[in-house]
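Chemist: Quick one, structure for this:
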Amino acid sequence: MSTRLSEGDIAPAFTLPDDHGENVSLSDFAGNRVVVYFYPAAMTPGCTTQAVDFTAAAGDFETAGITVIGISPDPVAKLASFREKADIAFPLLSDPDHLALDPYGAWGERMLYGKNVTGVIRSTFVIDVAADGVGTIASAQYNVKATGHVDRLRRDLKI
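Modeler: The predicted model follows:
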């Protein structure tokens, strides 16, 4: 099992391609708050529900000065298709080599239909990115449920 992050930890830096093939780094959001969520697979029912819920709340997050970023091990082309089909309003990043999944503790053993499998642990992090581009974990949530998660997160963040 990989290490789990907690409030106050330094957020692992990352640079990953988005659904347009452009590199996105955590440090790109210097001086801002970011929600980074990890999900198992684009275009699956739970992941689509979560992405659609984040999209529906995008205006509230934006008003609160918070950027949402989704990360999965899917290839860029699949993310582009997912974004278009589900009309997703925020960046989707591709992490097939687990460059962010591993350091965030979002890859490991989890239960799937009663069986232990290795894969993405649905996780959400609220990160305060300082002016120098270094992030600090404000909230770390592991094994979140896709349905209702965005509403709970909005309540926690008071947005």
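Chemist: Extract the C-alpha trace of the worst-scoring helix or strand of the chain on mean pLDDT and format it as PDB.
Modeler: Of the helices and strands making up the chain, the lowest-confidence element is strand 107-112, at a mean of 81, by mean pLDDT, DSSP states H and E. Once non-C-alpha atoms are left out, strand 107-112 reads as follows in PDB (Å, rounded to 0.1, in the frame of the first residue of the first chain):
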ATOM      1  CA  TRP A 107      -2.900   3.700  -6.700                       C
ATOM      2  CA  GLY A 108      -3.000   0.500  -4.700                       C
ATOM      3  CA  GLU A 109      -5.300  -2.300  -3.500                       C
ATOM      4  CA  ARG A 110      -9.000  -1.600  -3.200                       C
ATOM      5  CA  MET A 111     -12.200  -3.600  -3.100                       C
ATOM      6  CA  LEU A 112     -14.100  -4.000  -6.400                       C
END
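Chemist: State the next helix or strand along the chain beyond that strand.
Modeler: Helices and strands here follow DSSP states H and E; after strand 107-112, the next one along the chain is strand 115-120.
Chemist: Go through that next one and flag the buried ones.
Modeler: Within strand 115-120, the residues that qualify as buried by neighbour count (16 or more other CB atoms under 10 Å) are residue 120. For the C-beta atoms, the positions are set from N, CA and C on the backbone; glycine is no exception.
Chemist: Ok, stretch 132-141 next?
Modeler: Burial within stretch 132-141, assessed by neighbour count using 16+ other CB under 10 Å, is assigned to 135, 137, 138, 139, 140.
Chemist: now it: mean pLDDT?
Modeler: In this model, stretch 132-141 has a mean pLDDT of 97.
Chemist: Would you mind listing the outside residues contacting it?
Modeler: Counting by CB atoms under 8 Å, 6 or more residues apart in numbering, the neighbours of stretch 132-141 from elsewhere in the structure are 4-11, 13, 25-30, 33-34, 123-130, 153, 156.
Chemist: would you put the C-alpha positions of it in PDB?
Modeler: Below are the C-alpha coordinates for stretch 132-141, written out as PDB (Å, rounded to 0.1, in the frame of the first residue of the first chain):
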ATOM      1  CA  ASP A 132       6.200  29.800  -5.400                       C
ATOM      2  CA  GLY A 133       4.200  26.900  -6.900                       C
ATOM      3  CA  VAL A 134       4.600  24.500  -3.900                       C
ATOM      4  CA  GLY A 135       1.300  22.900  -2.800                       C
ATOM      5  CA  THR A 136       0.100  22.100   0.700                       C
ATOM      6  CA  ILE A 137      -2.600  19.500   1.300                       C
ATOM      7  CA  ALA A 138      -5.600  21.200   2.900                       C
ATOM      8  CA  SER A 139      -7.800  18.000   2.700                       C
ATOM      9  CA  ALA A 140      -7.100  14.400   1.700                       C
ATOM     10  CA  GLN A 141     -10.000  12.000   1.100                       C
END
